[in-house]
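Visitor: Kindly generate the corresponding structure for this input.
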Amino acid sequence: MKKLLAYTLLPAFLLLAGCIKDDRNNNIPPDSITLTAVSDVQEVSVHAGSYVFGVSKSGKGFSTAKATVSSSGVAELLQAYNAKKKELDVSFEGYEALPATSFTVEGGNLSWDKSDFVRDVKVSWDPAALSELIGDRENCVIALALASDELDVNEEKNLMLIHLTRSLLSLQQTSFSRIIEASKVEAGADGTQPELRENFIFDIKMTHEIKDVGVTLPVVIDNSLIAAFNETQEDTYVAAPEGLFTLTENSVSIGEGLRDATFRGVLDKSKLLVDGKLEEFPSYVIPVRVDKDGMAATRKGESFNLQGLSYGNMEAYITVTYKASHTGVLSITREWGRYSTAGAAWNEYYGGAPNTDRNVAMDNEYIYIAETVLNDTDPSTGSKNIWAISIYDATQVKKLPVGTVERAGTFSVCCPRVIPNTDSEVNGGKDVLVVSNMNSGDPILYFYVNGINQDPKAVKCNTWASRRLGDTWTYAGTLQDGILFFKDQSSAQGTVTFPLKYKEATTALNLVRRLEAPTVMGAGAYFPFPDNMYKGICSIRGGLNPVTFEDYMSQLVTVPEGEAFDSGTGGITPTLTPLSGYYKDAAFKFFEYSGKRYVAYTRQVGAADGRLFILEGELTDSWEKILTGYQDPQGKRSNIVYQAAIQEEAEMQDDYNPSARESGHSGMDIDCRLINGDMYIVVVKQNVGLSLFRMTK
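Guide: Residues are numbered from 1 along each chain as shown. Okay, here's the model as predicted:
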């Protein structure tokens, strides 16, 4: 009976099924054609010679189709693309399409059967010819349009822009200067011998990596360059004796797919000694040349014909000069510098982030830079770094532990300072690194009281209101008996002060006074004179494009007699004396050295141009006189003993080349320290460069 019923009902079920509509594809869009690339612009090295991309047909899969990828119609599409990008970024200059005759398209006539999905298109070009055509331009693209008369083309994915990058290879260093004196190379009275071998590290960089390609270049000491070098010098230099300087490698290799490499040399000062004594010698120069003509390339381990590579500076000169001991002649030289290139900010060479290097500090071993890279979407992926760069070898860089550092407002860490320490039980008696955050609220200071290899101790600074403090702060005195100065960035409330009486139990500092100067908003600092903290300079450092020039000029500050920063409440109204425009956007250090007084300060000429100036005065001169008393009514000063550009090796010149990159802000800072009888001065300009100078006498 059951079987009979089943046979009876089966025709009815089949009849019913034939009446049901097939809706399985209703939610799938109809077939259309689109580029598969996720990004609008594909970054491709011009040296690669070709690029392959995909075009897909997607949808229900019911249609056959044909399409073309070509230069036809590109001009209108590219114009619309550039205009749209310009609306989002006013600094965007637009892409420029390369002529269709400069490349070929293989597979540009596309066809799909119903079930086909992706078709590949290959674009090829002559690397040497296209490199020459592009030259120094950075906005050149191969522009191709996707079109079809049979199916819809995705209007958001119908323009392929292949942005061709040309790689520039260059040696980052151009010169080193070493002044040799007896006290630095001869054994002391106790028989202690100074280190006579000095390592030199050279960096060679490529502005854009070339996928899967590496290069090797010979490096040589080339004395044939000396004659031309002497034509640019006031002194006359001769070839160094054999063994004075030796390259430890005869070539330098940038690995496949990488952008930079280093090679080394050794200066052996023992070659200047005769029976352990330094005798006067002529001025030597060692020209180090990277031989671009001997360049060889590989791709995935195989020899590769790399074409169109461009070259920047490929020579560095090491000068070695004699200095008699105790001559009384002041010498100021640049020990080393790190400079931004068109492709990278200077601090990216060790993994630092651009536009974060606004302040600097130093002790006897390291130069300190603090940075924060925040991710507001995912705070856990942000980074907070305090970098320690060796004074004696700029390639030796390490991160300090920051486990106790909290996220705070805009920046977690911003401004490092090294504060004198007089307590042998704190940090082994060494001076202490202290780093601020930059917070729209109560700032926090981080004290490395147990050395820089352990997490710092957090100390909160209690204020009267939520203000942004900590961009750049200064101090007077010591860790045990000092005072801190924080400029208020967010209002015209001037500089707030905190007394510092550090003990291991310190958990908070309390604001006690407010120095109401100057009355303009912006990041800045109060720089007290070393012999009188009630006199100093207030400087606003935020005005590369100020509303009025005077708003951003530094001002001499004199606090009324009897007013102490560390007692009482309320504000102090000082006497303000504007300085000349030479001190605009400046940071200052005041020190005495070898029987003279010096003021070292920065001057921001522009977003890509920063300078160091050093003024000299007598010990009997006031700091005010050194700053103002040696200048005529036109502002020209007669006591400048040194000036240099931060962003390049040029020194003591009136004109400088700007940096290859600009500062996102006008951050520029300076610190100095007496080490082994020499005064070291370090200067940073944000995103532009870091330079270390040495003053000796």
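
Visitor: Can you pull out the low-pLDDT segments for the stretch 501-650 of the chain?
Guide: The model of the stretch 501-650 of the chain has pLDDT under 70 over residues 504-505, 517-522, 542-553, 561-570, 632-637, 650.

Visitor: if we go to 90?
Guide: In the predicted model, the stretch 501-650 of the chain carries pLDDT under 90 at residues 501-526, 531-586, 603-611, 628-650.

Visitor: Just the helices from this protein, written as ranges.
Guide: 2-18, 74-88, 127-134, 182-185, 226-230, 623-628 (DSSP state H).

Visitor: Can you give me the buried ones in the second one?
Guide: To tie it back to what came earlier, the one meant is helix 74-88. Buried residues in helix 74-88, counted by 16 or more other C-beta atoms under 10 Å: 74, 77-78, 81. C-beta here means a position set from N, CA and C on the backbone, and glycine is covered the same way.

Visitor: Adding pLDDT and distance to residue 93 as columns, could you present those residues in TSV?
Guide: As requested, these are exported to TSV (pLDDT from 0 to 100; distance: C-beta to C-beta, whole Å):
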residue	pLDDT	distance to residue 93
74	90	18
77	92	18
78	93	13
81	92	13
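
Visitor: which one among those residues gets closest to residue 432?
Guide: residue 81 (54.6 Å; C-beta to C-beta).

Visitor: Report the contact partners of the closest one.
Guide: By C-beta atoms under 8 Å, 6 or more residues apart in numbering, residue 81 lies in contact with 40, 95, 159, 161.

Visitor: Closest one of those to residue 65?
Guide: Of all those, residue 65 sits closest to residue 159, with 18.9 Å by C-beta to C-beta.

Visitor: thought residue 100 was touching residue 71?
Guide: Yes - if you go by C-beta atoms under 8 Å, residue 100 and residue 71 touch, sitting 4.1 Å apart.

Visitor: which of the two has more neighbours?
Guide: residue 71 (18 against 15; other C-beta atoms under 10 Å).

Visitor: separation between that one and residue 131?
Guide: As judged by C-beta to C-beta, to the nearest Å, residue 71 and residue 131 stand 20 Å apart.

Visitor: residue ranges for the strands of the stretch 201-350 of the chain, please.
Guide: For the stretch 201-350 of the chain, strands defined by DSSP state E, counting those that start in this stretch occupy the ranges 213-221, 238-239, 245-247, 251-254, 260-268, 273-274, 277-278, 284-290, 296-299, 302-304, 310-311, 315-322, 331-339.

Visitor: Using JSON lines, please lay out those strands together with mean pLDDT and mean neighbour count.
Guide: Converted to JSON lines, these look like this (pLDDT from 0 to 100; neighbours: other C-beta atoms under 10 Å):
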{"stretch": "strand 213-221", "mean pLDDT": "96", "mean neighbour count": "20"}
{"stretch": "strand 238-239", "mean pLDDT": "96", "mean neighbour count": "14"}
{"stretch": "strand 245-247", "mean pLDDT": "97", "mean neighbour count": "19"}
{"stretch": "strand 251-254", "mean pLDDT": "95", "mean neighbour count": "19"}
{"stretch": "strand 260-268", "mean pLDDT": "91", "mean neighbour count": "17"}
{"stretch": "strand 273-274", "mean pLDDT": "94", "mean neighbour count": "12"}
{"stretch": "strand 277-278", "mean pLDDT": "92", "mean neighbour count": "16"}
{"stretch": "strand 284-290", "mean pLDDT": "96", "mean neighbour count": "22"}
{"stretch": "strand 296-299", "mean pLDDT": "93", "mean neighbour count": "17"}
{"stretch": "strand 302-304", "mean pLDDT": "92", "mean neighbour count": "12"}
{"stretch": "strand 310-311", "mean pLDDT": "89", "mean neighbour count": "16"}
{"stretch": "strand 315-322", "mean pLDDT": "91", "mean neighbour count": "20"}
{"stretch": "strand 331-339", "mean pLDDT": "87", "mean neighbour count": "21"}
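
Visitor: would JSON lines of those with distance to residue 108 be doable?
Guide: Below are the strands of the stretch 201-350 of the chain laid out as JSON lines (distance: least, C-beta to C-beta, whole Å):
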{"stretch": "strand 213-221", "distance to residue 108": "27"}
{"stretch": "strand 238-239", "distance to residue 108": "59"}
{"stretch": "strand 245-247", "distance to residue 108": "51"}
{"stretch": "strand 251-254", "distance to residue 108": "35"}
{"stretch": "strand 260-268", "distance to residue 108": "37"}
{"stretch": "strand 273-274", "distance to residue 108": "72"}
{"stretch": "strand 277-278", "distance to residue 108": "73"}
{"stretch": "strand 284-290", "distance to residue 108": "41"}
{"stretch": "strand 296-299", "distance to residue 108": "26"}
{"stretch": "strand 302-304", "distance to residue 108": "27"}
{"stretch": "strand 310-311", "distance to residue 108": "30"}
{"stretch": "strand 315-322", "distance to residue 108": "46"}
{"stretch": "strand 331-339", "distance to residue 108": "44"}
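
Visitor: To residue 173, which of those lies closest?
Guide: For these, proximity to residue 173 was assessed by C-beta to C-beta; strand 315-322 is nearest, at 4.6 Å.

Visitor: Give me the angle between the closest one and strand 260-268.
Guide: 20 degrees (axes from the mean of the first three to the mean of the last three C-alpha atoms, to 10 degrees).

Visitor: who does strand 315-322 touch, helix- and strand-wise?
Guide: Packing contacts for strand 315-322, counted by 3 or more C-beta pairs under 8 Å, 6 or more residues apart in numbering; DSSP states H and E, involve strand 175-180, strand 260-268, strand 284-290.

Visitor: What's the separation between residue 124 and residue 105?
Guide: Distance from residue 124 to residue 105, by C-beta to C-beta: 8 Å.

Visitor: let me fix that: residue 74
Guide: For residue 74 relative to residue 105 (C-beta to C-beta), the value is 12 Å.

Visitor: what touches both of these two?
Guide: residue 144.

Visitor: Break the chain down into its structural domains.
Guide: For the chain, automatic domain parsing gives the domain ranges 32-166, 167-326.

Visitor: Would you reformat those domains as CSV and include distance to residue 355?
Guide: Output for the domains of the chain, formatted as CSV (distance: least, C-beta to C-beta, whole Å):
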stretch, distance to residue 355
domain 32-166, 15
domain 167-326, 19
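
Visitor: Which one, of those, ends up nearest to residue 560?
Guide: domain 167-326 (44.8 Å).

Visitor: Tell me how far the closest one lies from the chain's centre.
Guide: Distance of domain 167-326 from its chain centroid, counting by C-alpha atoms, centre = their mean, to the nearest Å, is 23 Å.

Visitor: just stretch 679-689 next, same as before
Guide: Counting by C-alpha atoms, centre = their mean, stretch 679-689 is centred 11 Å from the centre of its parent chain.

Visitor: cool, and stretch 414-428?
Guide: So, by C-alpha atoms, centre = their mean, the centroid of stretch 414-428 is 27 Å from its chain's centroid.
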